[in-house]
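Undergrad: Predicted model, plus sequence, below.
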Amino acid sequence: MAATSKKLMTQEMLLQAGIDAIKKLNPVMMFRNPVMFIVEVGTFITLLLTIAPDLFGSSTVGRGYNLAVFLILLFTLLFANFAEAMAEGRGKAQAESLRSTKTEMTARLEQKDGTTKEVPSTQLRKGDIIIVQTGELIPADGEIIAGLASIDESAITGESAPVIKESGGDFSSVTGGTRVVSDAITIRVMTDPGESFLDRMISLVEGAQRQKTPNEMALTTLLAVLTLIFLIVIITLVPMASYLNVHLELSTLIALLVCLIPTTIGGLLSAIGIAGMDRVTQFNVLAMSGKAVEAAGDIDTLILDKTGTITYGNRMAAEFIPVQGITEADITWVALQASVKDETPEGRSIVELAGKKGSVWKEDQYASAEVIEFTAETRMSGLNLADGSEIRKGAVDAICTYVLAHGGSIPSDLGDISNRIAKAGGTPLAVASVGKIYGIIYLKDTVKPGLKERFAEMREMGIKTIMCTGDNPLTAATIAMEAGVDDFIAEAKPEDKIAAILKEQQEGKLVAMTGDGTNDAPALAQADVGMAMNSGTMAAKEAANMIDLDSDPTKLLSVVSIGKQLLITRGALTTFSIANDIAKYFAIIPAMFIIALPQLQSLNIMHLNSPASAILSALIFNAIVILLLIPIAMKGVKYRAMTADRMLTRNVLIYGLGGVIVPFIGIKLIDVVLSSLHLV
Ligand SMILES: Nc1ncnc2c1ncn2[C@@H]1O[C@H](COP(=O)(O)OP(=O)(O)OP(=O)(O)O)[C@@H](O)[C@H]1O
Ligand SMILES: [K+]
Ligand SMILES: [Mg+2]
């Protein structure tokens, strides 16, 4: 995706946006935007007045004037529509390129009797089991239930380096449309046709599901109310004017109304939202809703899981360390037994290390054993052998509790060994057989580089980072130090992760959470912004409202910036739009009443050429300003790392002051040009 998205606006896209701007004149579509809908009604009335100037009562202005007002209003509408069409353009192009990867393919579907049958991928349903081999495209989203393979995900992530996916752990999910580059895997299909990740991605970048955010809705309501107030003010001008014996032309009243209602922000509002979402996509982050992006802009706390988010998550067994009185061979043997049926990456790495150390075993030896699978709840796994003996490995505190409950004791040097590993940032797993602890397995993992700097940036923005891990407190402290997070919570079960989020939320804070595991899914759903790593499980990706295709937790920083920028841009342009009214008022009111009330000359501070020129200049400025502000609506106002409040104050000042001054200059300039061309 990244490859296609980096392209700048092409001529083709501009042309398409122009065509779309005309199509969007359809009143049914326009109705969703109250401000611009009023402009459209005005445009229609001035069109009628151009054809029949006396249609609504006798008129003293010529057709030419009405035509001029009509044309300027038409362009006001077109400029606003063009802004929206431009913002939509890039997403449409991206959707096009994604669609091209959605080819019809055949899948190898496993039958009840164990044989396979070739079927078209469109026939695959949730729960089907399929087999995909080297070189083949994966026909549907799913979870690997057997095997390990390296997979080229460039069709979705734009990243050409293949990633390793395997059954059992947090790296088990695969996406339809990606390619297996080595080995073969068995996959359980997780989505029905039309609901796949690729489908969702297409409709997301295309904006098909785009809904107004609560913020946008509130602003739209505010703008509609403002429009209504100006409408009432202008209608009441008519009897006042007739008392003064001033005849107000309908087209002039419409011009005044359009100048005063907030057309600038009304015209650019939707483009600002779409462009914000698009900017998030440019960072290879899929945001399921604009609401999530806006929430990201206000985040106070970020909660991260450790394994797979802060670290790479390929926890591998590095060493078997026996406690006093146990040989290395003994602990290796117990560790192996505890792991022969453990299908997690950790479990497999233990079996592999035991093999390297010379342990041999037969698969059928454990055929009648009961498998105790690893859960985040128990933090243990193992086997119950046919003779009734129980073999376990797991988090040190979990194993200690288990052994004590079985009448065993804790070896005196266990604490020292496990602390040594934890202080080095490793995960110690204790192993026990028949209620006796044999020693510790040292699982190593690596912290992703560059985290410290980015967490420091978050601190500067006023965001607190908390690591929330199932691992022990010492390991957690070491990794927390190394990664530079502000705080950590250790030995956290899934419900503890939710509790941590709820606690922050109850203090009135907005919370973001990043994670990759199935055990993170409930917390991802509870958080205001839940960002799942693309490397993670389906459950995590489904619960989250954002997915980072590059599996980089610090990406949230970019999303936060974009969210803040979105809110600030909207605020700044609203301020600018309303501040503009002052100059327009000074241009139009004297022009309307000058003949009856020469005293109003004192209001004519711009010394505009003629009443007609004043009105048309203000109206032209009103239209052009929409066009000129499209780049700011699309790119967002410049954002710097400071608190949102300071940033907003700063921008409201700039855009407020600018909004007062710029139109005085602009309207005067247009007036000079119009009169020098003898147009008015
Ligand atoms: N296959 C396994 N068998 C037994 N115990 C395990 C296994 N994998 C992990 N553990 C233990 O359970 C603890 C919790 O693991 P889990 O991966 O659920 O934590 P987590 O909350 O995902 O961690 P993180 O937040 O760091 O990603 C680990 O710290 C480890 O001690
Ligand atoms: K306006
Ligand atoms: Mg995890």
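TA: Arrived safely. Not measured: the values here are computed from a predicted model. Ligands and ions are numbered 1, 2, ... in the order given.
Undergrad: neighbours of the residue of the chain found nearest ligand 2, just the number please.
TA: The minimum distance from the chain to ligand 2, using Cβ to the ion, falls at T263 (3.6 Å). Just so you know, the C-beta spots here come from the backbone N, C-alpha and C atoms, and that holds for glycine as well. As a burial measure, T263 scores 28 neighbours (other Cβ atoms under 10 Å).
Undergrad: List the residues that contact it.
TA: The contact partners of T263, by Cβ atoms under 8 Å, 6 or more residues apart in numbering, come to V35, M36, V39, T76, A80, S577, N622, I626.
Undergrad: Could you dump these into JSON lines with distance to ligand 1, neighbour count and secondary structure added?
TA: JSON lines is the format used below for the contacts of T263 (distance: Cβ to the nearest ligand atom, whole Å; neighbours: other Cβ atoms under 10 Å; DSSP: H, G, I helix; E, B strand; the rest coil):
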{"residue": "V35", "distance to ligand 1": "48", "neighbour count": "22", "secondary structure": "helix"}
{"residue": "M36", "distance to ligand 1": "49", "neighbour count": "29", "secondary structure": "helix"}
{"residue": "V39", "distance to ligand 1": "54", "neighbour count": "27", "secondary structure": "helix"}
{"residue": "T76", "distance to ligand 1": "54", "neighbour count": "28", "secondary structure": "helix"}
{"residue": "A80", "distance to ligand 1": "48", "neighbour count": "30", "secondary structure": "helix"}
{"residue": "S577", "distance to ligand 1": "47", "neighbour count": "27", "secondary structure": "helix"}
{"residue": "N622", "distance to ligand 1": "55", "neighbour count": "29", "secondary structure": "helix"}
{"residue": "I626", "distance to ligand 1": "49", "neighbour count": "27", "secondary structure": "helix"}
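Undergrad: tell me the pLDDT at the residue of the chain closest to ligand 2?
TA: At T263 the predicted local distance difference test score is 96.
Undergrad: circling back to that earlier point, report the lowest-confidence entry in the contacts of T263.
TA: Minimum pLDDT for the contacts of T263 is recorded at S577 (93).
Undergrad: leaving aside the residues next to it on the chain, what's closest to that residue?
TA: Excluding the flanking residues, the one nearest S577 by Cβ to Cβ, 6 or more residues apart in numbering is T264, at 3.6 Å.
Undergrad: wouldn't the one you found be in contact with A623 here?
TA: No - applying Cβ atoms under 8 Å, one finds T264 not in contact with A623, separated by 9.8 Å.
Undergrad: got the contact list for the residue of the chain found nearest ligand 1?
TA: Ranked by Cβ to the nearest ligand atom, the top residue of the chain for proximity to ligand 1 is G470, at 2.5 Å. With contacts defined as Cβ under 8 Å, 6+ apart, G470 is in contact with K306, T307, A376, R379, A395, E491, A492, K493, N519.
Undergrad: Ligand 3 contacts on this structure?
TA: Residues of the chain lying close to ligand 3 by Cβ under 5 Å from the ion are D305, T307, G517.
Undergrad: how close does the residue of the stretch 101-250 of the chain found nearest ligand 3 sit to A287?
TA: With Cβ to the ion as the measure, D170 is the residue of the stretch 101-250 of the chain nearest to ligand 3, at 5.6 Å. Distance of D170 to A287, given as Cβ to Cβ, to the nearest Å: 22 Å.
Undergrad: Spatially, what comes nearest to A292 if we skip its sequence neighbours?
TA: Nearest non-adjacent residue to A292, counting by Cβ to Cβ, 6+ apart: N545, 4.2 Å away.
Undergrad: Am I right that L67 falls within a strand?
TA: No - judged by DSSP: H, G, I helix; E, B strand; the rest coil, L67 forms no part of a strand; its state is helix.
Undergrad: Enumerate the residues of the protein near ligand 2.
TA: Contact residues (Cβ under 5 Å from the ion) of the chain with ligand 2: T263, N622.
Undergrad: how does it look with 6 Å?
TA: Counting by Cβ under 6 Å from the ion, the chain comes close to ligand 2 at C259, I261, P262, T263, T264, N622.
Undergrad: Now do the same contact list for the closest residue to the third one other than its chain neighbours.
TA: Taking Cβ to Cβ, 6+ apart as the measure, P262 lies nearest to S577, with 4.5 Å between them; neighbours along the chain are not counted. For S577, the contacting residues are P262, T263, T264, I265, G266, G659, taking Cβ under 8 Å, 6+ apart as the criterion.
Undergrad: just G267 next, same as before
TA: V35, M36, T76, F79, A80, A83, I626.
Undergrad: Next, the residues that contact stretch 595-614 from outside, please.
TA: Residues from elsewhere that reach stretch 595-614 (Cβ under 8 Å, 6+ apart): 65, 241, 244-246, 583, 586-594, 617, 664, 667-668, 671-672, 674-675, 680.
Undergrad: Off-centre distance for stretch 31-49?
TA: Computed by Cα atoms, centre = their mean, to the nearest Å, the chain-centroid distance of stretch 31-49 equals 35 Å.
Undergrad: try stretch 498-511
TA: 20 Å.
Undergrad: what about S97, distance to A275?
TA: Counting by Cβ to Cβ, the gap from S97 to A275 is 19 Å.
Undergrad: If you count surrounding residues, which of the two has more?
TA: Ranked by neighbour count (other Cβ under 10 Å), S97 and A275 place A275 first, with 27 against 15.
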